[in-house]
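> This is the structure alone, sequence omitted:
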Ligand code: NAD
């Protein structure tokens with residue numbers, strides 16, 4: 001859908017197939033429906049801060065190599081900014097800007113007091129030793145001392161970064177602060193102040209909103225079937241927890257294979273199998289199908305939890321599910337949206353469906369600041385409440401404006417940030 005208002009600029013083109021472009025397009029659609037004031041639109045479209053820094057290190061062979069590091073803070077109206085740090089050879093500042101905006105909307109939807117940010121270092125981590133990665137992370141953190149901070153900007157793991165990366169950031173920041181500052185990052189190892197339940201949080205959130213959507217459509221979980229594309233952190237946990245709620249998981253896939261059993265797959269057995277073989281290929285008690293066939297099977301719930309651009313205008317018309325819960329970021333292209341809506345498929349958008357991870361990151365930050373750690377049960381109960389509330393709020397807004405849950409989610413988020421901005425006003 002193309003926006004009409006003259007002040008709405010076209011979304012930045014990052015690359016031909018980039019899902020973030022789709023995200024910006026949906027932002028424009030929601031801004032138009034909301035009748036967003038022109039000045040506020042301009043404010044929300046521009047990141048508040050963009051930092052590009054050179055990160056020099058001595059490599060293992062003693063030579064100096066210089067990398068480019070980025071941090072974009074899209075918005076900090078609701079609170080300190082939150083977002084991942086990724087290491088990849090092809091990252092760009094435009095991609096960081098779009099991903100940072102994505103985080104602003106995600107945090108607003110689940111009602112956590114954070115703004116949005118994203119950052120990274122342009123590098124090929126597969127070509128760097130552990131020592132080089134540590135030096136890179138520590139020097140990047142030192143360059144970002146005025147940006148990062150538990151009350152300012154809080155990084156988390158993202159593509160090619162992990163708990164160890166967060167531990168190095170936390171340690172470097174703490175050394176400069178002359179005290180332990182655990183709340184400067186989330187996604188830390190448990191021993192350093194990480195939270196119970198963080199690893200499972202995104203998959204758990206996907207399960208929670210999927211069950212909530214089934215209730216809306218009067219589908220009993222114990223009579224429902226589901227298909228999960230992608231069997232990594234998000235997909236495997238979502239499948240496991242859905243099965244615990246009585247949902248029959250009839251098909252699963254990873255990058256190598258897709259497996260199908262109309263009688264239902266035992267997800268725990270599949271997890272054990274993948275733990276040993278590192279792939280779903282040749283899993284017994286299942287038929288082999290293609291990834292394209294998997295998406296088009298008849299089912300109640302489809303969970304794309306692999307990567308972006310999986311449901312497109314080409315295959316959307318062939319889908320036979322009733323609900324899609326987007327575990328991955330950007331699995332549906334903007335062009336597929338109207339096709340799915342026409343077919344009456346209820347799509348729980350990524351910015352809601354996979355927000356369980358950032359919600360438990362928020363819990364981690366709260367626990368670090370209190371110095372008091374919650375039980376797994378407390379983490380899960382609170383996650384359940386917040387995801388359900390977010391689902392209900394998005395559903396209400398979508399019904400009020402007669403739009404999809406996706407546009408409803410953007411309207412909810414943009415309205416919240418815009419109202420907060422109006423109350424705060426523009427400084428000086
Ligand atoms: P992961 O690397 O643990 O798992 C990805 C899975 O997808 C693997 O099983 C892989 O084999 C499979 N896969 C890759 N390409 C595929 C293809 N073409 N067809 C089928 N399967 C394919 O990653 P993850 O952490 O589970 O993340 C998955 C998605 O969820 C990503 O889009 C990520 O951005 C998003 N996400 C993750 C989190 C989180 O907390 N991990 C939070 C929010 C969003």
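Nice, I can see it. Nothing here was measured: the structure is a model prediction, and the numbers come from that model.
> how about stretch 259-267: buried residues?
Applying a neighbour-count criterion of 16 or more other Cβ atoms under 10 Å, the buried positions in stretch 259-267 are 259, 260, 261, 265, 267. Every residue, glycine included, has its C-beta placed from N, CA and C.
> correct me, but the last one touches residue 240?
Read it as residue 267. Yes: because the distance of 4.7 Å satisfies Cβ atoms under 8 Å, residue 267 is recorded as touching residue 240.
> count of neighbours near the residue in the stretch 201-350 of the chain that the ligand sits nearest to?
Closest approach of the stretch 201-350 of the chain to the ligand (Cβ to the nearest ligand atom) occurs at residue 232, with a separation of 1.7 Å. By other Cβ atoms under 10 Å, 16 other residues sit near residue 232.
> so it touches residue 305, yeah?
Yes: in this structure, residue 232 sits in contact with residue 305. The criterion is Cβ under 8 Å, and the distance is 7.3 Å.
> Provide the backbone phi and psi angles at the residue nearest to residue 415 when sequence neighbours are not counted.
Counting by Cβ to Cβ, 6 or more residues apart in numbering, residue 415 lies nearest to residue 34, which is 6.0 Å off, once chain neighbours are set aside. Recorded main-chain torsions at residue 34 are phi -70, psi -10, according to degrees, to the nearest 10.
> Up against the ligand, what does the stretch 201-350 of the chain have?
Among all residues of the stretch 201-350 of the chain, those adjacent to the ligand (criterion: Cβ under 6 Å from any ligand atom) are 202, 229-235, 253-255, 291, 305-307, 327-329.
> I'd like to know which of these are part of strands.
With strands taken from DSSP state E, the overlap with those comprises 229, 253.
> Just the ones of the residues of the stretch 201-350 of the chain next to the ligand in helices?
Cross-referencing those with the helices (criterion: DSSP state H) gives 202, 233, 234, 235, 291 as the overlap.
> who wins for neighbours among those?
Of all those, residue 234 has the most neighbours under the rule other Cβ under 10 Å, reaching 28 neighbours.
> And the strands in this protein?
When assigned using DSSP E, the strands of the chain occupy the ranges 49-58, 64-75, 81-88, 115-122, 153-157, 225-229, 248-253, 258-260, 287-289, 301-304, 323-325, 346-348.
> and the nearest residue to residue 255 once chain neighbours are set aside, how many neighbours?
Once its chain neighbours are removed from consideration, residue 255 has its nearest residue in residue 306; the separation is 7.4 Å (Cβ to Cβ, 6+ apart). A count of nearby residues for residue 306, using other Cβ under 10 Å, gives 20.
> wouldn't residue 306 be in contact with residue 238 here?
No: counting by Cβ under 8 Å, residue 238 is not a contact partner of residue 306; they are 11.7 Å apart.
> Could you report the distance from the residue lying farthest from the centre of the chain to residue 313?
Computed with Cα atoms, centre = their mean, the maximum C-alpha offset from the centroid of the chain is found at residue 62, amounting to 38.0 Å. In this structure, residue 62 and residue 313 are 53 Å apart, going by Cβ to Cβ, to the nearest Å.
> That'll do, ta.
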